[in-house]
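In: need a structure here:
(one chain, ligands or ions: 2)
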Amino acid sequence: MLGVLIVAATFAGSCAFSPASLGMAPLNHWHVLSFAGGLDRTKPHKFRVGELPLVTWFENATGNPTTTLDVCRHMGSRLHHGRVENGCLVCPYHGLKHGSKQAFGETKEFEGKIWWSHTPKHARPPSSPFFKNKRYASSTVQVDMEASLMDSVYNVMDITHPQYVHSGPAGFGSDIPPSDVVTHVYPAMRNETIGLSFVYSAEGTFAHLDPGVKRSRNFHMLHYPGSSWSRVTMPNGRNLFVAVDLLPIGRDRTRWFVTLRHNYLTSPPGRWLINTAARCILEQDRQQMAKQTPSSLVKALAIFNAEMPFEKHFTEMRLMFKNWRYLDQNTVERMVFEYFRSSY
Ligand code: FES
Ligand SMILES: [Fe+2]
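Out: Ligands and ions are numbered 1, 2, ... in the order given. This next block holds a predicted model:
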């Protein structure tokens with residue numbers, strides 16, 4: 001019953017815009033736009049959060065990022081075709097300059113990523129463990145999945161699918177069920193953070209990477225709406241972290257920014273090995289995500305009428321996400337209306 005009520009409220013909210021939803025929860029949280037490494041900081045970059053077109057540029061090579069609408073307020077040129085001059089974004093059409101006064105929302109560079117929020121509730125984006133620890137090697141993978149943010153969120157917190165989606169030598173899934181599965185709810189951060197701990201017996205690639213150590217203690221952490229990390233701890237003190245930050249770039253399209261961090265196999269070939277294994281596993285997820293039903297009322301009504309073991313945390317997650325909305329065209333129009341109304 002609770003499920004049907006949540007679904008009905010969510011779907012009703014996504015159909016009709018109400019001014020109150022300008023303060024809708026996702027806009028108050030940080031969204032990852034990009035990895036910072038490899039980004040050409042001398043040029044503007046286009047991004048989108050749902051249907052919201054954005055352009056981000058940097059003051060200078062080491063300076064802060066600023067984001068505005070990717071629509072020039074003069075005659076509508078796409079600003080990402082412009083250039084950066086003295087810290088301003090210059091429109092390619094008639095040279096109008098955009099500076100920090102024209103910022104749309106707040107942009108931050110944090111832990112190797114560029115983040116954006118319309119009106120951030122928290123001063124900082126979510127932190128991921130061991131970011132600065134020199135004993136850990138890091139690498140990244142970026143994948144676009146043909147599935148909604150919600151499908152992606154459920155996937156990263158789902159411990160049943162590895163047996164089916166990640167089975168075989170290129171995966172890690174095993175038919176030994178997880179054990180000691182515990183959902184962690186943090187009263188002070190309820191509706192924003194949820195944790196899940198369990199013991200897992202891996203097969204396939206990751207079992208071969210670390211022969212003799214099949215059982216790992218795992219911890220998954222999800223920060224609303226789209227930042228997660230998983231820690232796989234093996235008895236010999238080896239840790240693997242997989243942070244997945246999610247950006248909705250379409251109603252049924254989500255960009256996954258994956259950061260791998262590990263204190264074993266830290267040499268360049270070892271890092272390559274872990275990164276390649278992760279790419280294989282993400283490809284298995286990508287194939288499953290492409291099989292997900294696109295968002296619809298039929299889907300919203302159908303899902304979670306069946307429950308499998310180890311899914312208690314999904315009930316908490318569904319409450320966490322009850323105000324989550326895809327940033328659709330109606331909402332974007334209202335946001336832009338409010339933005340220009342308050343600018344004059
Ligand atoms: S359209 Fe941008 S300056 Fe005219
Ligand atoms: Fe997966």
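
In: and the stretch 51-200 of the chain, which residues reach ligand 1?
Out: Proximity of the stretch 51-200 of the chain to ligand 1 (Cβ under 6 Å from any ligand atom) is limited to residues C72, H74, M75, G76, S77, C91, Y93, H94, G95, L96. To be clear about C-beta, it is placed using only N, CA and C from the backbone, and glycine gets the same treatment.

In: Narrow those to those in helices?
Out: Of those, none are assigned to helices by DSSP state H.

In: Farthest-apart pair in the residues you listed, please.
Out: For these, the farthest-apart pair by Cβ to Cβ is G76 and G95; their separation is 14.6 Å.

In: that older thread, of all the residues of the stretch 51-200 of the chain next to ligand 1, which comes closest to V332?
Out: G76 (15.3 Å).

In: Do you know the pLDDT at the closest one?
Out: Per-residue pLDDT puts G76 at 98.

In: Find the centremost residue of this protein, please.
Out: Compute the mean C-alpha point of the chain, and by Cα atoms, centre = their mean the closest residue is L246, 1.5 Å away.

In: Which strand residues bridge the spatially closest residue to E85 that is not a sequence neighbour?
Out: Sequence neighbours aside, K97 is the residue nearest to E85 in space, at 7.6 Å (criterion: Cβ to Cβ, 6 or more residues apart in numbering). K97 has these beta-bridge partners by DSSP bridges: V90.

In: Verify the stated contact: K97 with C88.
Out: Yes: counting by Cβ atoms under 8 Å, K97 touches C88, with 4.2 Å between them.

In: Of these two, which one has the most company?
Out: Legend: neighbour count by other Cβ atoms under 10 Å for K97 and C88, higher for C88 (18 against 13).

In: any idea how far ligand 1 is from that one?
Out: Separation of C88 from ligand 1 (Cβ to the nearest ligand atom, to the nearest Å): 12 Å.

In: What is the burial count for H94?
Out: By other Cβ under 10 Å, 10 other residues sit near H94.

In: Tell me who's in contact with it.
Out: When contacts are counted by Cβ atoms under 8 Å, 6 or more residues apart in numbering, H94 touches H74, M75.

In: what are the ranges of the strands in the stretch 1-150 of the chain?
Out: For the stretch 1-150 of the chain, the strands defined by DSSP state E, counting those that start in this stretch occupy 31-35, 45-49, 52-58, 65-69, 83-85, 88-90, 97-98, 106-110, 113-117, 137-145.

In: Can I get these in TSV including mean pLDDT and distance to M320?
Out: Compiled in TSV, the strands of the stretch 1-150 of the chain are given as follows (pLDDT from 0 to 100; distance: least, Cβ to Cβ, whole Å):
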stretch	mean pLDDT	distance to M320
strand 31-35	98	16
strand 45-49	98	19
strand 52-58	98	22
strand 65-69	98	26
strand 83-85	97	38
strand 88-90	98	36
strand 97-98	98	36
strand 106-110	97	22
strand 113-117	97	17
strand 137-145	97	20
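
In: Indicate which one of those is closest to N330.
Out: Nearest to N330 among the strands of the stretch 1-150 of the chain is strand 52-58; the distance by Cβ to Cβ comes to 11.7 Å.

In: Remind me what the closest one packs against, helices and strands.
Out: Counting contacts by 3 or more Cβ pairs under 8 Å, 6 or more residues apart in numbering; DSSP states H and E, strand 52-58 is packed against strand 31-35, strand 45-49, strand 65-69, strand 113-117.

In: Output these in CSV, with distance to S197 appended to each entry.
Out: Below are the helices and strands packed on strand 52-58 laid out as CSV (distance: least, Cβ to Cβ, whole Å):
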stretch, distance to S197
strand 31-35, 25
strand 45-49, 31
strand 65-69, 35
strand 113-117, 26
